[in-house]
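1. Sharing a model prediction with you, sequence too.
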Amino acid sequence: MKLDYKSIIIYGILKAAFFLLLPLIVISVLSDQGIIEFSPSFIVSILVMGIIGVIITIIRHTPAKDSILREVIGIGLAIYNGLYLFYIFGGFSGGLGTYSIQTTNLEAIIGLQLIAWILLIGALLNTVFYLVKIIEAVNKKRKSKIREESKQFKIDKRLKIGKLLLNLFLVCFIISVGLSGMYISFKVKESYQFNWDTAGTIINYTDDSIEIITLFDLINPGLYSVLDVVIDVDIYTINTSDVTQLSLPDNTKIGEVDNMAYPMFPRGSLSIDQELIVDVFPQYVVGLITFDADLLLDVNFRCLYATMDIFVMTNVTVKWTKLI
């Protein structure tokens, strides 16, 4: 049997480029920029699985063209490709495909499980291409040679076009999600407003209430809408001027708002100075009226963006000035 060295070399190099070189370059860039930190075990897994993928690709192109063995190996390779991509996008992780991005004041957790499943399904659909070719090869002897070759050419052409369109769709979708997501901005401002309700009793503060209104901007210039937004805000004291630490102690949660829901921020939208109204717990209202403090606004932001579940944790520190 004469080996097809040209196919072995070309497909081997392509597999090494996409399964080894490209992932390692992406990992290196993201790690160097401090965007995502990858564990050593994950990097080793990429190397091992990439090398195995290259070996299977070389083996697949060793048998003669149009042989049943070549297509059988092709089925195995398509399944392996799907499992590899499923692993890359976190499909096997305990968090069902979550990646964490950390900066000084922000931590984002991105769920890529749906993309992982789409890639797996796409790879498994590629197995249909090889399965049909196996069936054609088995049934080839039952029909006339001219008729069979003509029909096989048409089927092969349609399958190749369908396979190409599917892969192009998946690649374009993932690229569009990545590029669009890069430009989404969620920022909590380092300023606030407040409402002070004296309940009609100017001298007595015990029946007063305070609302702290924090503002955020959500800029979405991307191709997809930001959906099902839910925001939680907790306010903590850091340093207060209360010497006794009774009315307004340090390191204490003094207010919160849970599950503030926004149905959608449309694509191409610029949402500025969106309000989050936080009620201060009654037992700390007097303390805020009479003492200065540094306040930590701890914000949790959840949303759905182009099949991705995104969870962002950020915080800002603001100066609170006593009201009397």
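-> That came through, no problem. Residues are numbered from 1 along each chain as shown.
2. per-residue confidence averaged over stretch 192-211?
-> For stretch 192-211, the mean per-residue pLDDT is 89.
3. And the contacts of stretch 223-230?
-> 176-177, 180, 184, 218, 220, 259-267, 301-306 (C-beta atoms under 8 Å, 6 or more residues apart in numbering). In short, each C-beta sits where N, CA and C put it, glycine included.
4. Take those and keep only those in strands.
-> 218, 220, 259-265, 301-305 (DSSP state E).
5. Max pairwise distance over these: which two?
-> Maximum pairwise distance in the ones in strands among the contacts of stretch 223-230, criterion C-beta to C-beta, is 21.0 Å, between N220 and N259.
6. More neighbours: which of these two?
-> N220 (24 against 8; other C-beta atoms under 10 Å).
7. can I assume the more buried one is in contact with M264?
-> No. Assessed by C-beta atoms under 8 Å, N220 is found out of contact with M264, at 9.8 Å.
8. F265 reaches P221, doesn't it?
-> No. Using C-beta under 8 Å, F265 makes no contact with P221, being 11.0 Å away.
9. Compare the two and say which is more crowded by neighbours.
-> Neighbour totals were compared for F265 and P221, and F265 leads with 21 against 13 (other C-beta under 10 Å).
10. Show me what the residue nearest to the more buried one when sequence neighbours are not counted is bridged to.
-> Spatially, and ignoring its direct neighbours in sequence, F265 is nearest to V226 (4.2 Å; C-beta to C-beta, 6 or more residues apart in numbering). On the basis of DSSP bridges, V226 is bridged to F265, Y305.
11. Burial check on V226, number of neighbours?
-> 25.
12. okay, it: pLDDT?
-> So, for V226, pLDDT stands at 90.
13. Number the residues from 30 up from this point.
-> Yes, from this point I'll number from 30; that puts the last item at V255.
14. Any stretches of this protein with poor pLDDT?
-> Along the chain, segments meeting pLDDT under 70 span 30-32, 62-66, 119-142, 169-185, 188.
15. What are the structural domain limits within it?
-> 34-211, 214-349 (automatic domain parsing).
16. The shortest one: end-to-end distance?
-> Terminal residues of domain 214-349 lie 26 Å apart, using C-alpha to C-alpha, to the nearest Å.
17. ok so, going back, filter the contacts of stretch 252-259 to the buried ones?
-> Listed as buried from the contacts of stretch 252-259 are 206, 209, 213, 247, 249, 289, 294, 296, 330-335; burial here means 16 or more other C-beta atoms under 10 Å.
18. just checking, next helix/strand downstream of the helix or strand containing V286?
-> If you go by DSSP states H and E, V286 is part of strand 282-294. Sequence order places strand 298-309 as the next helix or strand after strand 282-294, per DSSP H and E.
19. which stretches of the protein form strands?
-> Listed in chain order (using DSSP E), the strands of the chain are 127-131, 135-140, 214-226, 238-249, 255-269, 282-294, 298-309, 322-334, 337-349.
20. need those in CSV with distance to V83, can you?
-> Formatted as CSV, the strands of the chain follow (distance: least, C-beta to C-beta, whole Å):
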stretch, distance to V83
strand 127-131, 25
strand 135-140, 29
strand 214-226, 40
strand 238-249, 40
strand 255-269, 39
strand 282-294, 43
strand 298-309, 44
strand 322-334, 34
strand 337-349, 30
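21. Looking at those, spot the one closest to F198.
-> Of those, nearest to F198 by C-beta to C-beta is strand 337-349, at 17.3 Å.
22. For R187, give its distance to N249.
-> 39 Å (C-beta to C-beta, to the nearest Å).
23. scratch that, T156
-> Using C-beta to C-beta, we find T156 at a distance of 37 Å from N249.
24. Could you do G207 as well?
-> From G207 to N249 the distance is 15 Å (C-beta to C-beta).
25. Could you do I144 as well?
-> Distance from I144 to N249, by C-beta to C-beta: 19 Å.
26. How about S298?
-> In terms of C-beta to C-beta, S298 sits 5 Å off from N249.
27. repeat for L106
-> Note on L106: its distance to N249, by C-beta to C-beta, is 39 Å.
28. What about Y221, how many residues nearby?
-> 19.
29. Isn't it up against V345?
-> No. Assessed by C-beta under 8 Å, Y221 is found out of contact with V345, at 9.3 Å.
30. what touches both of those two?
-> With C-beta under 8 Å, 6+ apart, Y221 and V345 have common neighbours L326.
31. Measure how buried E304 is and give me the count.
-> E304: 10 neighbours (other C-beta under 10 Å).
32. Identify the residue nearest it in space, chain neighbours excluded?
-> Counting by C-beta to C-beta, 6+ apart, the residue nearest E304 is I242, at 5.4 Å.
33. got the contact list for the one you found?
-> Contacts of I242 by C-beta under 8 Å, 6+ apart are 221-224, 304-307.
34. Would you reformat those as JSON lines and include distance to W349?
-> Output for the contacts of I242, formatted as JSON lines (distance: C-beta to C-beta, whole Å):
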{"residue": "Y221", "distance to W349": "8"}
{"residue": "Q222", "distance to W349": "12"}
{"residue": "F223", "distance to W349": "9"}
{"residue": "N224", "distance to W349": "14"}
{"residue": "E304", "distance to W349": "18"}
{"residue": "L305", "distance to W349": "16"}
{"residue": "I306", "distance to W349": "16"}
{"residue": "V307", "distance to W349": "12"}
